[in-house]
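K.L.:
Pasting the sequence and the predicted model now:
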There are 2 protein chains.
Amino acid sequence: MKKKTTIYDIAKKLNITAATVSRALNGNSKISEATRKLVEETAKEMNYEQNRLAQALKSGKSYNVGVIVPRIDSNFFASVIRGIEEELYPKGYHVIICQTHDQKSLETENINSLLNAQVDGVLMSISQAQNANDDNFDALIKKNVPLIFFDRKKDIKGISSVTIDDFKGAYEATKHLIDQGYKRIAHLSNDRSILIFKNRYLGYKQAILDSGLEFDESLVIETQSKVLEGRKIMKQLLELEHRPDAIFSSSDFTALGAIQEIKEHGLNIPEDISVVGFSNEPFTRFMELSITSVDQSPIEMGRLTAQVFLEEVNSDKRVTSEKQVVLTPELIVRKSSLRTPVKH
Amino acid sequence: MKKKTTIYDIAKKLNITAATVSRALNGNSKISEATRKLVEETAKEMNYEQNRLAQALKSGKSYNVGVIVPRIDSNFFASVIRGIEEELYPKGYHVIICQTHDQKSLETENINSLLNAQVDGVLMSISQAQNANDDNFDALIKKNVPLIFFDRKKDIKGISSVTIDDFKGAYEATKHLIDQGYKRIAHLSNDRSILIFKNRYLGYKQAILDSGLEFDESLVIETQSKVLEGRKIMKQLLELEHRPDAIFSSSDFTALGAIQEIKEHGLNIPEDISVVGFSNEPFTRFMELSITSVDQSPIEMGRLTAQVFLEEVNSDKRVTSEKQVVLTPELIVRKSSLRTPVKH
DNA sequence: ATGAAATTTACAATCGATTACATTATAACT
DNA sequence: AGTTATAATGTAATCGATTGTAAATTTCAT
């Protein structure tokens, strides 16, 4: 590598001190207009670029933030990340993305690895908890590294978060099914120690109770957000003596699996069984049988998460006033749940 | 933040020098077993963690590498990244992921931004070129920062790359269509200044020529890898006087768009028109009408790319022997192109 | 013209880890 | 015992940028 020009090189060339160069470049008010201009020009001339590592060492800030998500090949997380980048890049931050693949061990590894890389903060969506302890976050909290949850959060005192109103999203999705005349609505849930899934479950339950339908706990099945899991569960449901006539899934992926299984059994959607997903993944729109889903405005979520981080990192006070931002979800009705209007 | 313990703290506690601590921790052979153990123990005791920034400054290595891709919400790129991470994490590297969204300007921005962050190398899949100049890479090359292309490459002297044999993949896909009896095969191409698209085009062309079919340049359409673009183009093709009876698309996304449009026109797949995509995105398998596609073994590609990087970065010699790794693609035949065997 | 105030720039320490070189302690050998 | 080889540790410079404090220079008023 060609050796980079440093402020010392500039200083030598101009017969001044590195200190002056540094101040000139940083807009320190104690520097005369004349030298500032001179310095800036020669800096450009010599292709000077600030050595971030040196600056990081001095300031204690790396201008790197870690983003931890279960996976990046879902449109939802990819979009959140995009939102985060849009907000953080202009401020000079870089984003290090880590995937947990929903494994607690990888989550731990990622956190340590990010701490080791001296990140200025961690924005994360937690993975499914194999067990209940939160040692993972302890390391972050102990070191006082700003931690912000988005979407999949845990309630931890003092930790900010940006989420959507999952209860409301689930409630409206379920209500939509009820309004369409479906009576026996199953719910494909997920690990309910993660709040979003708990809230989706609660929203579903409340909608059923509010409508006077019978709530049947046996129609709530906990599974993972994977197509094949959806198929497996749906198969079981279809074999029930009194099978459901609608599915509200907490994930688009399981919803997709369910749809495949239903078709394979020769049933029609939405005539025989209706399906609603969650997240508004692009494929829900692109399917021939487009899937009704709940949009979570992921880019907006990413932007907000980044903003909360910036606020925290820029507040010199240790006020750590925890902030809970909650977005409103939007139900997108598509073919998979829309019964053709009854013909007279 | 709690102040971290440094090697000086350890040194003070043991009444030795920071230098000794450093050497002990780094396994320098000039340190006695006794003090080494002592140092290691107290380090653990005091929760010592190496300050990467300081080390980076001293060594000139940041242990960060940049990965630039058009987007991360495609399974292909997400998987390549996963492969890269699997290879690089154990070696202590971190991966900074940047998206270009196929915009040249963002590509430029990302490269500069990564250089500014002092990355030790850049692994990238180039975005569509709005124009022909390669100034983007010049900055990297000039600074002698290891650059490695994967998948979407440009031929630049001295730059290594990891790709698949796109020609072969396209050839076999097209041959498969010909073998199925299709005679008028259109090709949805993409910016052919990017080699993968050029090679897919050439493979398609060669397969047609080899089979004795007539090659019709007007059946080759250049478009972008988006569902809606696929629809648009397909609409035009269907309006042709002598419309194609098969489509070989260089992208799964345009293939999907094409399929939607074909169905909307009341035609049957694969009876009336057959469709083959490229990349083996998960949705190609999950569709009710599963889509024939070409698998690119993305995780393997990622791992190999990372390996090539490690080789380059660890070779103190400036040998810069460029390395071209080429993987073999695999055609996955599915419903969208498989004619039911003729019944007698 | 002279002292005080204001402005500008230089000096030197610092962030934490690494490392060439110097120094001390220990062992070995004649 | 004396000399040398060897092992173990210390000293101090270095990476590049920042910043409190000191010093130099200029400006201004009298």
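P.N.:
Looks like it came in fine.

K.L.:
Who are the packing partners of the helix or strand where residue A:79 lies?
P.N.:
Using DSSP states H and E, residue A:79 sits within helix A:75-88. Here helix A:75-88 touches strand A:64-69, strand A:94-99, helix A:298-314, strand B:94-99, going by 3 or more C-beta pairs under 8 Å, 6 or more residues apart in numbering or on different chains; DSSP states H and E. Glycine gets a C-beta too; all of them are placed from N, C-alpha and C.

K.L.:
Indicate which one of those is closest to residue B:233.
P.N.:
strand B:94-99 (24.7 Å; C-beta to C-beta).

K.L.:
related to what we said a few turns ago, hey, which of the helices and strands packed on helix A:75-88 is tucked in deepest?
P.N.:
strand A:64-69 (a mean of 25; mean count of other C-beta atoms under 10 Å in any protein chain shown).

K.L.:
Show residues contacting it.
P.N.:
By C-beta atoms under 8 Å, 6 or more residues apart in numbering or on different chains, the surrounding residues in contact with strand A:64-69 are A:77, A:80-81, A:84, A:88, A:93-100, A:107, A:110-111, A:114, A:117-125, A:309, B:64, B:96, B:117.

K.L.:
Give me the sheet partners of that strand and which way each runs.
P.N.:
Strands that pair with strand A:64-69, judged by DSSP bridges, come out as strand A:94-99 (parallel), strand A:121-124 (parallel).

K.L.:
Buried residues in the next helix or strand after the last one, which are they?
P.N.:
Along the chain past strand A:121-124, the next helix or strand (assigned with DSSP H and E) turns out to be helix A:135-142. When neighbours are counted by 16 or more other C-beta atoms under 10 Å in any protein chain shown, the buried residues of helix A:135-142 are found to be A:136-137, A:140-141.

K.L.:
got it, and stretch A:145-162?
P.N.:
Those would be A:145-153, A:159-162, for stretch A:145-162 by 16+ other C-beta under 10 Å.

K.L.:
same check, this time on stretch A:22-41
P.N.:
Buried residues in stretch A:22-41 (16+ other C-beta under 10 Å): A:22-25, A:31, A:36, A:38-40.

K.L.:
What's the nearest residue in the stretch 151-300 of chain A when you look at DNA strand D?
P.N.:
residue A:160 (26.7 Å; C-beta to the nearest atom of the strand).

K.L.:
ok, back up a step: kindly reformat the strands paired with strand A:64-69 as JSON lines containing mean pLDDT.
P.N.:
Below are the strands paired with strand A:64-69 laid out as JSON lines (pLDDT from 0 to 100):
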{"stretch": "strand A:94-99", "mean pLDDT": "89"}
{"stretch": "strand A:121-124", "mean pLDDT": "95"}
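
K.L.:
what about those, which gets the closest to residue B:321?
P.N.:
Comparing the strands paired with strand A:64-69 by C-beta to C-beta, strand A:94-99 comes nearest, at 30.6 Å.

K.L.:
Please, where are all the helices along chain A?
P.N.:
Counting by DSSP state H, chain A has these helices, from start to end: A:7-14, A:18-25, A:33-45, A:52-59, A:75-88, A:104-116, A:135-142, A:166-179, A:195-211, A:227-238, A:252-264, A:282-286, A:298-314.

K.L.:
how about the fifth one: buried residues?
P.N.:
For helix A:75-88, the buried set under the neighbour-count rule, 16+ other C-beta under 10 Å, comprises A:75-85, A:87-88.

K.L.:
Also near DNA strand D: which of these, exactly?
P.N.:
With C-beta under 7 Å from any atom of the strand as the criterion, the buried residues of helix A:75-88 include none near DNA strand D.

K.L.:
Nearest to chain B, out of those: which one, please.
P.N.:
Nearest to chain B among the buried residues of helix A:75-88 is residue A:78, at 3.2 Å by C-beta to the nearest C-beta.

K.L.:
Any chance of the backbone angles for the closest residue to that closest one other than its chain neighbours?
P.N.:
Leaving aside its chain neighbours, residue A:78 sits nearest to residue B:73 (3.2 Å; criterion: C-beta to C-beta, 6 or more residues apart in numbering or on different chains). Backbone torsions for residue B:73, taken as degrees, to the nearest 10, come to phi -90, psi 30.

K.L.:
For the nearest residue to residue A:223 once chain neighbours are set aside, give me its contacts.
P.N.:
Nearest non-adjacent residue to residue A:223, counting by C-beta to C-beta, 6+ apart: residue A:229, 4.6 Å away. Taking C-beta under 8 Å, 6+ apart, we find residue A:229 in contact with A:223, A:254, A:257.

K.L.:
of the contacts of strand A:64-69, list those near DNA strand C.
P.N.:
When the contacts of strand A:64-69 are filtered against DNA strand C using C-beta under 7 Å from any atom of the strand, no residues are retained.

K.L.:
Quickly note the distance from the closest residue to DNA strand C within the stretch 51-200 of chain A to chain B.
P.N.:
Per C-beta to the nearest atom of the strand, residue A:58 is where the stretch 51-200 of chain A lies closest to DNA strand C, at 3.8 Å. Using C-beta to the nearest C-beta, to the nearest Å, one obtains 9 Å as the distance from residue A:58 to chain B.

K.L.:
do the same with residue A:53
P.N.:
In terms of C-beta to the nearest C-beta, residue A:53 sits 5 Å off from chain B.

K.L.:
quick one: residue A:228 and residue A:258 touch, right?
P.N.:
No. With contact defined as C-beta atoms under 8 Å, residue A:228 does not count as touching residue A:258 (11.1 Å).

K.L.:
Of these two, which one has the most company?
P.N.:
Neighbours were counted for residue A:228 and for residue A:258 using other C-beta atoms under 10 Å in any protein chain shown; residue A:258 has more, 31 against 13.

K.L.:
Let's see the pLDDT reported for that one.
P.N.:
Residue A:258 is assigned 97 on the pLDDT scale.

K.L.:
Quick check: closest non-adjacent residue to it.
P.N.:
residue A:234 (4.0 Å).

K.L.:
Local confidence estimate at the one you found?
P.N.:
pLDDT recorded at residue A:234 is 97.

K.L.:
and of the buried residues of stretch A:22-41, the nearest to chain B?
P.N.:
Distance to chain B across these (C-beta to the nearest C-beta) is lowest for residue A:25, with 14.2 Å.

K.L.:
What separation is there between the closest one and residue A:48?
P.N.:
Distance, residue A:25 to residue A:48, using C-beta to C-beta, to the nearest Å: 8 Å.

K.L.:
For burial, what's the neighbour tally of the closest residue to residue A:174 other than its chain neighbours?
P.N.:
Leaving aside its sequence neighbours, residue A:174 sits nearest to residue A:207 (C-beta to C-beta, 6+ apart; 3.7 Å). Neighbourhood size, residue A:207 [other C-beta under 10 Å]: 23.

K.L.:
now check the helix or strand bottoming out on mean pLDDT in chain A, is it near chain B?
P.N.:
Using mean pLDDT, DSSP states H and E, the weakest-scoring helix or strand in chain A turns out to be helix A:135-142, at a mean of 79. Yes. Helix A:135-142 is in contact with chain B by C-beta under 8 Å from any C-beta of the partner chain, via residue A:142.
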